[in-house]
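A.B. asks: when you get a sec, could you give me coordinates for this:
(chains A and B)
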Amino acid sequence: MKAVTSKILILLLSIGVLVACNSNQKESSETTSVATSHPKGQASVEDDVSQKNILQVAAGSEAHSTLVAAVQAAEIEHVLVNAGPLTVFAPTNDAFAALPDGTVENLLKPENKGDLATILTRHAAPGSFNVEGLKREARKGRKIYMATGDYLEVVVDGDEIRVGGAKVIATIQTSNGIINVVDKVILPN
Amino acid sequence: MKHTIKNTLAVLLGSTLLLIAGCTQNNGSNGALGSDIAQRVYVAPGEHDEFYALVSGGFSGQLAVYGLPSGRLFRVIPVFSVDAEKAYGFNEETKAMLNTSYGFIPWGDSHHPDISQTNGELDGRWVFINENNTPRIARISLSTFETEEIIEIPNSAGNHSSSFVTENSEYVVAGTRFSVPVPQQDISIDEYKGKFKGAISFIGVDQETGHMDLSFQIMMPGFNYDLAHPGRGKSHGWMFFSTYNTEEANSLMEVNASQNDKDFIAAINWKKAEELIAAGEFDVMPANYAHNVYDESTHTATSTMKKEVRVIDPAKHPGLVYFLPTPKSPHGCDVDPTGEYIIGSGKLSAALTAHSFTNMLDAIENEKFDGDAYGIPILNYDDVVAGVVQQAGLGPLHTEFDGKGNAYTTFFISSEVVKWKVGTWEVLDRQPTYYSVGHLMIPGGNSRKPFGKYALAMNKITKDRYLPTGPELTQSAQLYDISGDKMELLLDFPTVGEPHYAAGIPADLIKPKQVKLYKLEDNNHPYVAKSEQETKVTRNGNEVHIYMTTIRSHFAPDNIEGIRVGDKVYFHVTNLEQDYDVPHGISMIGANTSELLIMPGQTETFVWEPKQIGVWPFYCTDFCSALHQEMQGYVRVSPKNSNVPLKWTLDGETR
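C.D. replies: Next up, the predicted model:
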């Protein structure tokens, strides 16, 4: 019993000394928060001078709140701010709402993070494809290679452009690539 | 039972001792080996340094940008020497920056950076730096960290006593180290005494643009003018220059220029000089010197030759210049933050001399002169001296201040920094340097408001301080913590070229002003292409101009035909990116001129003169993107008299 008490005493004393040590180092401890300095990687870079990047544009669009929430849930923000160049086919909130009931809610669950990331990544292509670029691909019979390895066909019918079956309804130039707003979530065949 | 208690006691004693020992080490009494020393210079990944240190690149001709306290190198700014990395002096836009009255000079010897001031405090607008060999002063923007302007100094030879600014950056000064015949003439070197002159130049600075203009020169006796510092506060309006070789020797200077017991600090009343200029009391002398300005809107430098200079003869104008006798070839000439004391570091003397500005004015008012030198009154040493720091060390060179009443002087021969008290002249502390220190820098240490936390010693000799790299070793800087009573050595770090001097400034005064990119719509380069639709290739005789663009991850155009052997092909490349830190490069096989590194929104040009037929590639040299490796193109070169038409395409189509 006495031995146990002594051990507790040692513990307490040691803590006391350690605390004393720490208080001597107050100044330096402020500069040593290594792990938490940039938790989000490039996505947390503050820059209000450059043209907006893909993530910043999407985050500023009310019609894309579901997509942005999904990107955050899948933790792929830094992919969308990377040097790229990237083309993102960005489904609107209506496009996500058109999926069978419960699909989005289910994908946003933490355990489905991997599936969600795969679905979102199927909407991103390396390279810059604006309207002109998409038409060129169609004219030359080239498919667009997506980040998941899928190839999507571009079909042009008059002014209408469809990529993987989804209709392009707007195109936005960003600092690190192109956003083509689409009316459908592009699901695997 | 008893046994247990004994053991426990032993453990108790042991562990407490260990912990105490650990504590002791953390408190730093183990000098540079103590773990807290490491923490005090450790800047965690992603964190920023507290200060910028702008360190002279010496004979590299450049200016290096470091962080303090980490000692990390951020950038080498090309100033007086060509720089392959940034194409400075190689591309068509910046060649004019290195033009001089001697023609294109591809290298320089940079010396003393000084940051612009407002009301005697660092303002973070520009840093000036002098070139010693081909006398010049450069102005560098602290928003872009680019050299924006270089002005040549006529009638000067060895621009050492430079580029120090007055307290509102009204002027940057340039005193010649080597006196020369003015104007230059073919005479015997033996005629030095009396015939050689030492020009001291005052270069006016436009407060809006920073543009420099040689306002006037004061034609001084043929001494060597070494260093200078401005009056501040009460002594604002005066500039102080150290001199040596008042013997006016012209050979074996190490002996012949060390004969006099005292040389001078020259006190120049530049407000008086302004009055003389306003009253027309000056001579206009023919001259020939280059003034080179880089225009941020055209991304192009132009060089103008200036043809005359206004000169004032101090012998004809009493009240303009006085000489303060100062022992033994003073090097540093440093003014304390209050502006009262002018410290002369007689480099062959064991003592430091502090002159009093108040005493000086009093002696001038009462005309207590001890003769004159070439018509310039010499004051009595005993009348102006305020105090002497006795037995401070050997070979004093330069003094900085911490804003708390202390001064710090470097001693070359005794390899140490000595801390002493301004006013009582007592030595408070001394720390060795490794080895043979030259200048010292405390951020703002030569202004009204020093930031007295760190001192940076710049050493001339390195020897065994780093891993050896053959006969040539990097130069070395050492960082001291000067916040306590005693100085503490924190860190060694290598420097580029010889760091003659440095200027330091809190990072917070610079960071908010940073330019992240150049706006494409503001680009007025004559050969800009602001979109791929504007790209083209034009021919005029054998001169071909390619208006090219870059964006991740292609050139437009990237296939060019119709170029002929013997053509002079200008690649004008505009980086269409409007994104921070996304430059593109371009290099062309067989180009004898340059590669380019083009900032977002910028246009740069290199020349290629193809000598062989064939199909030749060019590519992006700066890893720009995931498809960087795909960023390339081809140029077809046909024989001299070929009829292959000019053609430029991207993906088989002309934009």
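A.B. asks: surely A:G114 is within a helix?
C.D. replies: Yes. With the criterion set as DSSP: H, G, I helix; E, B strand; the rest coil, the secondary structure at A:G114 is a helix.
A.B. asks: enumerate every residue touching it.
C.D. replies: For A:G114, no residue counts as a contact, taking CB atoms under 8 Å, 6 or more residues apart in numbering or on different chains as the criterion. For every residue, glycine as well, the C-beta is placed using N, CA and C.
A.B. asks: check the gap between it and chain B for me.
C.D. replies: Spatial separation of A:G114 from chain B under the definition CB to the nearest CB, to the nearest Å is 22 Å.
A.B. asks: any chance you could map the strands in chain A?
C.D. replies: All strands of chain A, identified by DSSP state E, fall at A:86-91, A:124-126, A:144-145, A:151-152, A:154-157, A:160-163, A:166-174, A:177-182.
A.B. asks: identify the neighbouring strands of the second one in the sheet and state each direction.
C.D. replies: In other words, strand A:124-126. Within its sheet, and counting by DSSP bridges, strand A:124-126 is paired with strand A:86-91 (antiparallel).
A.B. asks: ok, for residue 124, nearest residue in space, not its chain neighbours?
C.D. replies: I went with chain A, as the question did not name one. In space, and not counting its chain neighbours, A:A124 is closest to A:A147: 4.6 Å by CB to CB, 6 or more residues apart in numbering or on different chains.
A.B. asks: wait, chain B was what I had in mind.
C.D. replies: Taking CB to CB, 6+ apart, and ignoring the residues beside it in sequence, B:G124 has B:L509 as its nearest neighbour in space, at 3.9 Å.
A.B. asks: thought the one you found was touching B:L122?
C.D. replies: Yes. A contact is recorded between B:L509 and B:L122 when judged using CB atoms under 8 Å, the distance being 6.4 Å.
A.B. asks: still on that earlier bit, I figured the residue nearest to A:A124 hits A:G127, correct?
C.D. replies: No. The pair A:A147 and A:G127 fails to qualify as a contact (CB under 8 Å) at a distance of 10.5 Å.
A.B. asks: between the two, which one's more packed in?
C.D. replies: With neighbours defined as other CB atoms under 10 Å in any protein chain shown, A:A147 and A:G127 compare such that A:G127 has more, 21 against 17.
A.B. asks: got the contact list for the more buried one?
C.D. replies: If a contact means CB under 8 Å, 6+ apart, then A:G127 has A:P85, A:L86, A:T87, A:G133, A:I144, A:G177, B:S553, B:L627 as its contacts.
A.B. asks: identify the residues contacting the first one.
C.D. replies: For A:P85, the contact set (CB under 8 Å, 6+ apart) comprises A:P126, A:G127, A:S128, A:N176, A:G177, A:I178, B:I551, B:R552, B:S553, B:S625, B:A626, B:L627.
A.B. asks: reformat the residues you listed as CSV; add pLDDT and distance to B:V569.
C.D. replies: What follows is the contacts of A:P85, written out as CSV (pLDDT from 0 to 100; distance: CB to CB, whole Å):
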residue, pLDDT, distance to B:V569
A:P126, 93, 32
A:G127, 92, 29
A:S128, 93, 27
A:N176, 94, 31
A:G177, 94, 31
A:I178, 96, 32
B:I551, 96, 22
B:R552, 93, 25
B:S553, 93, 23
B:S625, 92, 26
B:A626, 90, 30
B:L627, 91, 26
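A.B. asks: counting neighbours, what do you get for B:S297?
C.D. replies: Every residue meeting other CB under 10 Å relative to B:S297 is counted, giving 11.
A.B. asks: quick one: contacts for it?
C.D. replies: Residues near B:S297 by CB under 8 Å, 6+ apart: B:D522, B:N523, B:N524.
A.B. asks: need the pLDDT of residue 134.
C.D. replies: I went with chain A, as the question did not name one. Each residue has a pLDDT score; the one for A:L134 is 95.
A.B. asks: hm, I was asking about chain B
C.D. replies: Taken from the predicted model, the pLDDT recorded for B:T134 is 98.
A.B. asks: residues contacting it?
C.D. replies: Applying CB under 8 Å, 6+ apart, we find B:T134 in contact with B:T100, B:Y102, B:I105, B:G108, B:E152.
A.B. asks: kindly indicate which of those residues lies nearest chain A.
C.D. replies: Here the nearest of these to chain A, counting by CB to the nearest CB, is B:G108; it sits at 32.8 Å.
A.B. asks: so that closest one: helix, strand or coil?
C.D. replies: What three-state DSSP gives for B:G108 is coil.
A.B. asks: and the one 4 residues further on, by the same measure?
C.D. replies: Counting by three-state DSSP, the backbone at B:H112 sits in coil.
A.B. asks: how about it, nearest residue that isn't a chain neighbour?
C.D. replies: B:Y501 (4.3 Å).
A.B. asks: partners of the closest residue to B:T550 other than its chain neighbours in the sheet?
C.D. replies: Computed as CB to CB, 6+ apart, the closest residue to B:T550 that is not its neighbour in sequence is B:H584, at 4.0 Å. Going by DSSP bridges, B:H584 is paired in beta bridges with B:I598.
A.B. asks: against B:T593, how distant is B:H584?
C.D. replies: Relative to B:T593, B:H584 is positioned 18 Å away (CB to CB, to the nearest Å).
A.B. asks: so between these two, which is more surrounded?
C.D. replies: The residue with more neighbours, out of B:H584 and B:T593 and counting by other CB under 10 Å, is B:H584; that gives 30 against 17.
A.B. asks: now that one: how far from chain A?
C.D. replies: Here the criterion is CB to the nearest CB. By it, B:H584 lies 11 Å from chain A.
A.B. asks: contacts only, for that residue.
C.D. replies: The neighbours of B:H584, taking CB under 8 Å, 6+ apart as the test, are B:T550, B:V573, B:N575, B:E577, B:I598, B:C620, B:D622, B:C624, B:M631.
A.B. asks: with just CA atoms, put the helix or strand hosting B:W126 into PDB.
C.D. replies: When elements are assigned from DSSP states H and E, B:W126 belongs to strand B:121-131. Included here for strand B:121-131 are C-alpha records, laid out as PDB according to Å, rounded to 0.1, in the frame of the first residue of the first chain:
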ATOM      1  CA  GLU B 121      11.600  54.400 -40.300                       C
ATOM      2  CA  LEU B 122      11.600  51.500 -42.800                       C
ATOM      3  CA  ASP B 123       8.600  51.700 -45.100                       C
ATOM      4  CA  GLY B 124       9.100  48.600 -47.200                       C
ATOM      5  CA  ARG B 125       8.700  50.300 -50.600                       C
ATOM      6  CA  TRP B 126      12.000  49.700 -52.300                       C
ATOM      7  CA  VAL B 127      15.500  48.400 -51.500                       C
ATOM      8  CA  PHE B 128      18.400  50.100 -53.100                       C
ATOM      9  CA  ILE B 129      21.800  48.500 -53.700                       C
ATOM     10  CA  ASN B 130      25.100  49.800 -55.200                       C
ATOM     11  CA  GLU B 131      27.500  48.300 -57.600                       C
END
